[in-house]
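Engineer: Predicted model and sequence follow; I will ask about them next.
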Amino acid sequence: MKSIASVVLAVTLITPSLAAQEVTIPAPEPGALTSVTSEPQRPGPQPAGPPPTPRHTGIMAMIKGLGPEVKQLPSKENLFWALGGGAAALAVHPADEYVQQHMLGNQLADDVFKPGQVLGIVGPWVGSISTYAWGRMKDQPKISHVGMDLIQSQVIAAGLTQGLKYATQRERPDGSGPTSFPSGHASGTFAFATALERHLGWRYAVPAYAVASYVAASRLPSNRHWLSDVVFGATVGIISGRTVTSKEAQPYPLSVHPLPGGAVVAYSPARFNRQGWRQRQRMTEGDKAERRYNR
């Protein structure tokens, strides 16, 4: 028993010293490698890169591209977004009058959100057209392609919004007409922010979503929309922005997955998105081994 304990103690003391020394492993002989591996390893399938920028970004190409984009609206993914947005609008519907009573006549809310009423009308269209015009003037197809998607998202958002207004005939809070549901300010700004995020990622889209939320909220103190109008208007904008950018490289970090009896909304951080997956797939086995060794 004492001898076994002595051997264990000796191994415990010798192992750290051996680990501290630099161990040099001789390279295998060329012949030994060929004897083990008879055939060269075939590289695995490379993932497809981001979709190429369209060759034509003119006005006619943008108009012709609207047809295929509209055809993509009836999709399962958009259905889940519409159901989720509709459920959210129904959830806040009981609070419509309560929120309106506290926002209406609030001088502080009027002063804070007054610029949003004007920004929601001209902001998305001016930003979209300016981006497209800049790309065309500077002969930069990537920028003009972003501008095309931004403009198309505004057209689709406006069409969906007006169609829903005509179908629902909901009276505005101020009694000015049956065009309350959904909010056009919310749909336009959220369509702009969503299309921008799909092209540039969340780093550049966070300010756009912040402005979109500000513009959507500005419709409450002006007594032009109910809270549920604003919520579903944002949903219409997200659907419009996602539809026109369905083939872009940047994935949306929020996704809806159906489950038995319901659905779940998943959030994918940047390190798990499609772009990060492509970068990991492009690494060779040698790069991976070197990274593990350097750690």
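Structural biologist: Thanks, I have the structure now. Residues are numbered from 1 along each chain as shown.
Engineer: I figured residue 109 was touching residue 221, is that so?
Structural biologist: Yes: Residue 109 sits in contact with residue 221 when judged by C-beta atoms under 8 Å, with a separation of 4.1 Å. For glycine as for every other residue, the C-beta is placed from the backbone atoms N, C-alpha and C.
Engineer: shared neighbours of the two, anything?
Structural biologist: residue 103 (C-beta atoms under 8 Å, 6 or more residues apart in numbering).
Engineer: more crowded one of these two?
Structural biologist: Remark: of residue 109 and residue 221, residue 221 carries more neighbours, 24 against 17, as counted by other C-beta atoms under 10 Å.
Engineer: what's the more buried one sitting at in phi/psi?
Structural biologist: For residue 221, the backbone dihedrals (degrees, to the nearest 10) come out as phi -70, psi -20.
Engineer: do residue 218 as well
Structural biologist: phi -70, psi -20.
Engineer: cool, and the one 10 residues further on?
Structural biologist: Dihedral angles of residue 228 (phi, psi; degrees, to the nearest 10) stand at phi -70, psi -30.
Engineer: Near it, how many other residues are there?
Structural biologist: Around residue 228 there are 24 other residues, counting by other C-beta under 10 Å.
Engineer: Please name the residues that touch it.
Structural biologist: 89-90, 92-93, 96, 181.
Engineer: May I see those organised as CSV, with pLDDT added?
Structural biologist: Listed next are the contacts of residue 228 as CSV, based on pLDDT from 0 to 100:
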residue, pLDDT
89, 96
90, 96
92, 96
93, 95
96, 93
181, 96
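Engineer: The residues you listed in helices, which ones?
Structural biologist: Members of the contacts of residue 228 lying in helices (criterion: DSSP state H): 89-90, 92, 96.
Engineer: Of these, select the buried ones using a ChimeraX command.
Structural biologist: Selection of buried members from those for ChimeraX, criterion 16 or more other C-beta atoms under 10 Å:
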select :89,92,96
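Engineer: Mind putting the contacts of residue 228 into a markdown table with distance to residue 260?
Structural biologist: Shown next, in a markdown table, are the contacts of residue 228 (distance: C-beta to C-beta, whole Å):
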| residue | distance to residue 260 |
| --- | --- |
| 89 | 24 |
| 90 | 22 |
| 92 | 26 |
| 93 | 27 |
| 96 | 32 |
| 181 | 31 |
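Engineer: Looking at those, which is nearest residue 154?
Structural biologist: For those, the closest approach to residue 154 (C-beta to C-beta) belongs to residue 181, at 19.3 Å.
Engineer: hey, where'd the helices end up in the stretch 51-200 of the chain?
Structural biologist: Assigned by DSSP state H, counting those that start in this stretch, the stretch 51-200 of the chain shows helices spanning 59-71, 76-92, 96-103, 107-137, 141-168, 184-200.
Engineer: and those helices, which is most packed in?
Structural biologist: Comparing the helices of the stretch 51-200 of the chain by mean neighbour count (mean count of other C-beta atoms under 10 Å), helix 184-200 comes out on top with a mean of 27.
Engineer: May I see the buried residues of the helix or strand hosting residue 234?
Structural biologist: Taking DSSP states H and E as the definition, residue 234 sits inside helix 227-244. By 16+ other C-beta under 10 Å, the buried positions in helix 227-244 come out as 227-244.
Engineer: Export it to CSV, keeping only CA atoms.
Structural biologist: Extracted in CSV, the C-alpha atoms of helix 227-244 (Å, rounded to 0.1, in the frame of the first residue of the first chain):
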residue,chain,number,x,y,z
LEU,A,227,-52.8,52.4,-28.9
SER,A,228,-53.8,49.3,-30.7
ASP,A,229,-53.7,51.1,-34.0
VAL,A,230,-50.1,52.0,-33.4
VAL,A,231,-49.2,48.4,-32.4
PHE,A,232,-50.6,46.8,-35.5
GLY,A,233,-49.2,49.6,-37.7
ALA,A,234,-45.7,48.6,-36.5
THR,A,235,-46.5,45.0,-37.4
VAL,A,236,-47.6,46.0,-40.9
GLY,A,237,-44.3,47.9,-41.3
ILE,A,238,-42.2,44.9,-40.1
ILE,A,239,-44.0,42.6,-42.6
SER,A,240,-43.4,45.1,-45.4
GLY,A,241,-39.7,45.5,-44.7
ARG,A,242,-39.2,41.8,-44.3
THR,A,243,-41.0,41.0,-47.6
VAL,A,244,-38.9,43.3,-49.8
